[in-house]
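> coordinates for the following, if possible.
(one chain, ligands or ions: 1)
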Amino acid sequence: MFLSFEGMDFSGKSTQIVLLRQRLDAADMPSLLVREPGGTRLSERIRDMLLDRTHGEMDEVTEFLLFSSSRSQLVREVILPALEAGTHVIADRFYDSSTAYQGYGRGLPLDDIVRVHHLATHGLTPDLTFFLDIGIEESFSRRQHRSGEIDRMESASRDFHTRVREGYLALCEQHPGRIKRIDGERPAEIIANDIWSILQHHLSSDSTEGHSA
Ligand code: TYD
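Presented below is the predicted three-dimensional model:
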């Protein structure tokens, strides 16, 4: 089983991933966690390039291809071997992030993006994707309360982040079977219950879209 989590910055993905993995462990379904961009030696180096705030001149096509390169390496080196060994994999972001951020956010042509996804994922699609949805105001208010530096992507404008969220909402409409929108402005335990019940429902029904490589 291959699951991915998506959402705006500060949407609470990391918390939900921790809670889901605890439940999977308790159900004797241990999982491997990967994060994008990153997760392999090369992909972590690409991550540093992508998030470095001094790289303000980065062209949006360069940005997209770097995210895609990081993804390809992660799929080949880590995700596919794990799935082949029967391990469940949870991805903290996958190619829907590029569609939302580089496609809708930066305005790159969506048909080109989809073609590169196919190449960079080696044909792999998540079985189920949880989109943790929070409003722009909530995202910016959580950002203000967070300590530490913000990275290059996080420092993009409010308009950019508004387009990213609209992109995610469009993706939910285009892939209703795979991508589940979760209201991320509720208490963490309630959200975790929702995610768990959607997963249970998915496991007990036949689903066709995901996980072919
Ligand atoms: P990260 O610190 O991992 O953020 P988060 O905890 O929110 O996942 O930084 C990843 C940033 O890169 C985040 O702002 C989203 C962005 N991103 C893209 O723009 N395109 C992509 O394909 C991916 C995977 C991430």
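
> how about the residue most central in space within the chain: what's its closest non-neighbour residue?
Central residue of the chain (CA atoms, centre = their mean): residue 93, 1.7 Å from the mean position. Leaving aside its sequence neighbours, residue 93 sits nearest to residue 36 (CB to CB, 6 or more residues apart in numbering; 4.1 Å). Every residue, glycine included, has its C-beta placed from N, CA and C.

> number of nearby residues for the one you found?
19 (other CB atoms under 10 Å).

> could you do residue 139 as well?
21.

> what about the helix or strand hosting it, distance to the chain center?
Element membership for residue 139, per DSSP states H and E: helix 136-145. Offset of helix 136-145 from its chain centre (CA atoms, centre = their mean, to the nearest Å): 19 Å.

> still on that earlier bit, can you pull the contacts of the residue nearest to the centre of the chain?
Applying CB atoms under 8 Å, 6 or more residues apart in numbering to residue 93 gives the contacts 4-6, 13, 35-37.

> so does the lowest-mean-pLDDT helix or strand in the chain get close to the ligand?
Lowest by mean pLDDT, DSSP states H and E among the helices and strands of the chain is helix 136-145, with a mean of 90. No. Using CB under 6 Å from any ligand atom, helix 136-145 stays clear of the ligand, coming no nearer than 9.8 Å.

> packing partners for that helix?
helix 158-174 (3 or more CB pairs under 8 Å, 6 or more residues apart in numbering; DSSP states H and E).

> run through the residues that contact the residue nearest to residue 93.
By CB under 8 Å, 6+ apart, the contact set of residue 36 is 43, 67, 70-71, 74, 91-94, 97.

> hmm, 7 Å instead?
Applying CB atoms under 7 Å, 6 or more residues apart in numbering to residue 36 gives the contacts 70-71, 74, 91-94, 97.

> how about residue 49?
Residue 49 neighbours (CB under 7 Å, 6+ apart): 55, 66.

> what's the neighbour count on the closest residue to residue 161 other than its chain neighbours?
Once flanking residues are discounted, residue 161 sits nearest to residue 136: 5.8 Å by CB to CB, 6+ apart. The tally of other residues near residue 136 (other CB under 10 Å) stands at 14.

> and for residue 125, nearest residue in space, chain neighbours not counted?
The nearest residue in space to residue 125 (CB to CB, 6+ apart) is residue 210, at 4.7 Å.

> restrict the contacts of residue 93 to contacts with the ligand.
35-37.

> quick revisit: ok, of the contacts of residue 93, which one's closest to residue 62?
residue 37 (13.3 Å; CB to CB).

> so that closest one touches residue 45, yeah?
No. Residue 37 is beyond contact range of residue 45, at 9.9 Å (criterion: CB atoms under 7 Å).

> the two: which is more packed in?
residue 37 (25 against 14).

> please tell me how far the more buried one sits from residue 51.
Residue 37 sits at a distance of 8 Å from residue 51 (criterion: CB to CB, to the nearest Å).

> just the buried positions in the helix or strand containing residue 68, please.
Take DSSP H and E as the rule and residue 68 turns out to sit in helix 60-74. Residues 63-74 are the ones in helix 60-74 that count as buried (16 or more other CB atoms under 10 Å).
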